[in-house]
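[1] Everything below, folded, please.
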Amino acid sequence: MLKTDPDLPKRVFGGLIAGAIIVVAGWAAHLEFPWLAAGLGLLLGFSATVTWHWHWHAPFGSRIKGSRFEFEVLTKKAKKSIFLVGPCLNYIATQTSARELIYRKLAEPGFQVWMLLSKPREPVALVWEDVAYGSGFGQELDRAIATFRGWLNSTERPRLEIKVTGLVTLGLIFVDADDASNARVLVIPIPWNVAGEARPCFLLRRRQHPVAFDVYYDAYRSLFQSGQLAQELSAQS
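    Residues are numbered from 1 along each chain as shown. Okay, here's the model as predicted:
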């Protein structure tokens, strides 16, 4: 049973930390400084808890709306870029505050915005009408595409790039993906018949979970850069 327990290394690590705290506290008490023993115990315990939390915890939200994972909250913290991935990115297309924030970010020197969504009226993309969104998905996607075409302007927003692909299966918001100190991604699974603002989500920081972050980023960045699988959206004529 011990060999099949995935939490065994964590339990051993926790036991070693607890043992170290007891040893140091006992040493301090032996020197007849009980206040020092208490202080060291609290300090080591706090440090161990913070370290443990940082290495093993992925921040989770039971719903996006009203949480620290809302698009505006995440994007305001971005310093260099955002990469948005979603079946139709309807929230981004319909919320004036989202558009204005993206425009403000694009006005910052060197800031990049990439967006990837499903190709409209493609049979494979319309699978979403059955598996998640209901009959309105096609209309939402058409509206989003029309809206995003209006955003594209090589003179005013040269660092905005929007592409469409056959089928996008989840929502992702990458923040500063190429910045080792600030890179993070919000992962938004899409359960059946759950509205966008009510979907649970979780955050992966690159420093904290580099392998998981890179799996998501490398896959969708490769898709975005694929000339065969992702086509650039043209500006509204």
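[2] quick one: Q112 and F174, what's the gap?
    Counting by Cβ to Cβ, to the nearest Å, the gap between Q112 and F174 amounts to 11 Å. (C-beta placed from N, C-alpha, C; glycine too.)
[3] Next SSE downstream of the helix or strand bottoming out on mean pLDDT in the chain?
    For the chain, using mean pLDDT, DSSP states H and E, the weakest element among its helices and strands is helix 34-56, scoring a mean of 50. Going down the chain from helix 34-56, the next helix or strand is strand 60-61, by DSSP states H and E.
[4] thinking in terms of the whole chain, how far from its middle is that next one?
    11 Å (Cα atoms, centre = their mean, to the nearest Å).
[5] Next, the residues that contact that strand from outside, please.
    Residues from elsewhere that reach strand 60-61, judged by Cβ atoms under 8 Å, 6 or more residues apart in numbering: 67-69, 200-203.
[6] And for stretch 143-157?
    Residues outside stretch 143-157 that contact it (Cβ under 8 Å, 6+ apart): 88-90, 92-94, 99, 102-103, 106, 115, 117, 120, 160, 162, 164, 233-236.
[7] Leaving out chain neighbours, which residue sits closest to the spatially most central residue of the chain?
    When Cα atoms, centre = their mean is applied to the chain, the residue found nearest the centroid is L186 (1.4 Å). Nearest non-adjacent residue to L186, counting by Cβ to Cβ, 6 or more residues apart in numbering: I173, 4.3 Å away.
[8] which stretches of this protein form strands?
    Using DSSP state E, the strands of the chain run over 60-61, 81-85, 112-118, 160-165, 171-175, 184-188, 201-205, 230-232.
[9] Return the residues in contact with I190.
    Listed by Cβ under 8 Å, 6+ apart, the contact partners of I190 are 87, 132, 169-171, 199.
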